[in-house]
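A.B. asks: Take a look and give me a structure for this.
(2 chains)
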Amino acid sequence: MQKLLAALLLALLAAPAVAEPITIVDAAGRSVAIADTSRIVAIGGTVTEILYALGVEDRIVGVDQTSNYPEAAAAKPNVGYMRQLSPEGVLSLRPSLVVAIEDSGPKDTIDVLERASVPFILVPKAHDAAGVVKTIRFVAEAVGEKNKGEALAAAVGEDLATVEKMRDRITEKRKAVFILGMNGTSLMVAGSHTGAADIFALAGVDNALAAMEGYKPAGDEATLAAAPQALVMMSERTGGITDDAVFAAPALAATPAAKDRRLIRMSGTYLLNFGPRTAHAARDLAAAVYPDLKLPVLPARPWTGHDDGAAH
Amino acid sequence: MTTAPPTEAVPAEEAGGPARLSPALALTGAGIAVAVAALLSLAVGAIPIPPSRVIAVLIQSLGGRDAIDPALAGDALVILDIRLPRTALAMLVGAATALSGGVMQGLFRNPLADPSLVGVSAGSALAAAAWIVIGGSLAASIAPVVGTLGLPLAAFAGGLVASVILNVMATSGGRTSIVGMLLAGIAINGLAGAGTGFLVFIASEQQLRDFTFWTLGSLAGATWIKVLLVLPFAVAVALVAPMLARGLDAVALGESAAFHVGVPVERLKRIAIVAVAGAIGAAVAVSGVIGFFGLTVPHIVRLACGPGHRLLLPASALLGAALLTLADVVARTAGAPAEVPLGVITAAVGAPLMLWLLAARRRSMGE
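C.D. replies: This next block holds a predicted model:
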């Protein structure tokens, strides 16, 4: 067995770009030794975004289903859903490292990959500004790009600090509802402990349905009683739903948001990825919810790319 | 599997029916299908490995892992650690599911009977949902081993509980009523459905996706431990089936008729239910719910070989093993490097195949 593993390791090490071997304690508390970062499989939209922002996209040999930003990432081989990874599917890409967002799996696949000497590192998921910076540093270190990581983390940290100052200008917080989807006129919305709630907090917006936990169908009367002043939808999944259809839903027709016709459609990956673009996403969301405050635009960054911002 | 080919003629009703395969031909054909499927499953995958290397690895592995040429180590890992347990699991699950379907259809004297009908699968699904939504993270933090085996064990326990309830509800005075069992099954399905629905409601987005994928069935992440988990139950149902075959043939004429020709009907029913519940519980536990499989395979066999259980049961087991293995090959290669859910493939292929067979049979009967 030992011989076998050693031989395999040798075969994998034959690839160029061998950096200093490092050991990282990952999000699950496992110590993972990383020797070769030349062929990376990126699991999770956040991880992929960070790798592109670090400029190491040439080393990405595969991504998962949620890696749809930047658009070029979609052209990479896709290993499917992050919690249903197939060991042979991942191995077929001959990776030297798998960088996966926390909760990826299943465990059996991670075990097989480790036996094949492919390190599998779980990246901590961010829920706030400090978390975003930490995640960026973590990914950068895992792929042996500590210096680029520091530069990226510093720039993103600066933007997040600007957003925090912006939040101080919000004297009267508005309440919004994040609509994940609509079945006819019934809504699927975001309660507390969701990515939507996290980006609301960063943007200085109150979640009108914070009393609910997770993503759930909303009660019509509860939504009405919550009196949201703005509605937020993901532009990707809701193309077929017109503004009028949203405002006509029984739960929403009598809300202040419908009266002001304040429906904000923004990219879901932009809002929910909690990576390098999060400061910009929070600013754009805040600008859309508080148009009267005329919040300044953040400096454009290479990784924010084409304008993916608010439609309103 | 363990039966010798039947020597006596199968029930009288089939005399003059459409052309059928002889038992020897049917079993040989199914046996060959199993062998072909197994080889294909070991040779094909997301990682291209030339057949010559696959054969070399398999032959060298007979001398133990250390006997394998180090140059083949990478291939050996893929073939022996990923494809081999997966092939074994596909065979066992396929055989157990198809065999259970055949036994259930005979027992209920209803070609629509299916293990999901009497609530065993629903019980497993409820337990699996409970594990995913409530139990998993909790238990895994206590003992990491529970993390990987917890879900199959929970699903198995759920199926078992459902079968026990079913038996208690359908049995009175030592007699098991088939109609009572059907009605109890419907009630169990309803109750388990309500419980599962509630868990889906309180589940997080991620748990919801985990559960959805589980209900679509998959053999991804096959390990030898999972093979060992399902093996005793698959063997048990395979051993019991030949003993049931004669009785089930008699039951086809009606329970009282069977009783009068000396078939211990009550014992037969009890043994059949226990064996099927164990096999289905174990199969669902390791693979999730694989749609339209336990129902279809016995139908295909029946259309090809006739309704006699002494041929139907072993042929179903063999064909089930072969077909599920083939379906799994498609599941892991069609969308590579991702995987297509297995249940999607079995249903998408099984349903049209059954329609085609039915149409062909109707044509030949019309002549």
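A.B. asks: got the contact list for A:Gly89?
C.D. replies: Counting by CB atoms under 8 Å, 6 or more residues apart in numbering or on different chains, A:Gly89 touches A:Val79, A:Gly80, B:Ala46, B:Arg332, B:Ala336, B:Pro337, B:Ala338, B:Glu339. C-beta here means a position set from N, CA and C on the backbone, and glycine is covered the same way.
A.B. asks: Now for those residues: which two are most distant?
C.D. replies: Across the contacts of A:Gly89, the longest distance by CB to CB is 11.9 Å; it joins A:Val79 and B:Arg332.
A.B. asks: What pLDDT does the model give the residue of the stretch 51-200 of chain A found nearest chain B?
C.D. replies: Distances between the stretch 51-200 of chain A and chain B by CB to the nearest CB are smallest at A:Gly80, namely 2.7 Å. Per-residue confidence for A:Gly80 comes out at a pLDDT of 92.
A.B. asks: That one in helix, strand or coil?
C.D. replies: The local conformation at A:Gly80, judged by DSSP: H, G, I helix; E, B strand; the rest coil, is coil.
A.B. asks: Where does the closest residue to it other than its chain neighbours sit: helix, strand or coil?
C.D. replies: In this structure, A:Gly80 finds its nearest non-sequential neighbour in B:Ala338, 2.7 Å apart by CB to CB, 6 or more residues apart in numbering or on different chains. Recorded secondary structure, B:Ala338: coil (three-state DSSP).
A.B. asks: Where does the prediction get shaky in the stretch 201-312 of chain A?
C.D. replies: Where the stretch 201-312 of chain A drops to pLDDT under 70, the residues are A:237, A:239, A:306-312.
A.B. asks: For it, just list every one of the strands.
C.D. replies: With DSSP state E, counting those that start in this stretch as the criterion, the stretch 201-312 of chain A has strands at A:206-207, A:215-217, A:230-234, A:263-266.
A.B. asks: host element of A:Val61?
C.D. replies: If you go by DSSP states H and E, A:Val61 is part of strand A:60-63.
A.B. asks: Could you do A:Leu160 as well?
C.D. replies: Under the criterion of DSSP H and E, A:Leu160 resides in helix A:146-168.
A.B. asks: hmm, who's touching that helix?
C.D. replies: Contact with helix A:146-168 is made by A:50, A:53-55, A:129, A:132-133, A:136-137, A:139-141, A:202-204, A:276, A:278-280, A:282-283, A:286, A:295-296, A:298-299, A:301, A:303, as judged by CB under 8 Å, 6+ apart.
A.B. asks: Residues of chain A that sit close to chain B?
C.D. replies: Taking CB under 8 Å from any CB of the partner chain, the part of chain A that reaches chain B is made up of A:1, A:3-5, A:7-8, A:11, A:62, A:65, A:77-81, A:83-93, A:103, A:106-109, A:111-112, A:115-116, A:194, A:214-216.
A.B. asks: how does it look with 7 Å?
C.D. replies: Of all the residues in chain A, those in contact range of chain B (CB under 7 Å from any CB of the partner chain) are A:1, A:3-4, A:7-8, A:11, A:62, A:77-81, A:83-84, A:86-93, A:103, A:106-109, A:112, A:115-116, A:214-215.
A.B. asks: Redo the contacts of A:Gly89 as a markdown table? Include distance to B:Leu324 and neighbour count.
C.D. replies: Rendered in a markdown table, the data for the contacts of A:Gly89 read as follows (distance: CB to CB, whole Å; neighbours: other CB atoms under 10 Å in any protein chain shown):
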| residue | distance to B:Leu324 | neighbour count |
| --- | --- | --- |
| A:Val79 | 23 | 30 |
| A:Gly80 | 21 | 21 |
| B:Ala46 | 19 | 23 |
| B:Arg332 | 13 | 27 |
| B:Ala336 | 19 | 21 |
| B:Pro337 | 22 | 24 |
| B:Ala338 | 20 | 21 |
| B:Glu339 | 15 | 25 |
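A.B. asks: and B:Glu266, how far is that from B:Gly173?
C.D. replies: According to CB to CB, to the nearest Å, B:Glu266 stands 10 Å off from B:Gly173.
A.B. asks: same deal with A:Glu221?
C.D. replies: A:Glu221 is 53 Å from B:Gly173, where distance means CB to CB.
A.B. asks: quick revisit: and the strand holding A:Val61, average pLDDT?
C.D. replies: Per-residue pLDDT over strand A:60-63 has a mean of 97.
A.B. asks: that older thread, output the contacts of A:Gly89 in a markdown table, with distance to B:Leu219 appended to each entry.
C.D. replies: Formatted as a markdown table, the contacts of A:Gly89 follow (distance: CB to CB, whole Å):
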| residue | distance to B:Leu219 |
| --- | --- |
| A:Val79 | 17 |
| A:Gly80 | 15 |
| B:Ala46 | 14 |
| B:Arg332 | 8 |
| B:Ala336 | 15 |
| B:Pro337 | 16 |
| B:Ala338 | 15 |
| B:Glu339 | 9 |
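A.B. asks: Which of these sits closest to A:Met234?
C.D. replies: Checking the contacts of A:Gly89 against A:Met234 by CB to CB gives A:Gly80 as the nearest, at 21.1 Å.
A.B. asks: residues from the stretch 151-300 of chain B in reach of chain A?
C.D. replies: Contact residues (CB under 7 Å from any CB) of the stretch 151-300 of chain B with chain A: B:Ser204, B:Glu205, B:Gln206, B:Arg209, B:Asp210, B:Phe213, B:Ser218, B:Ala220, B:Gly221, B:Thr223.
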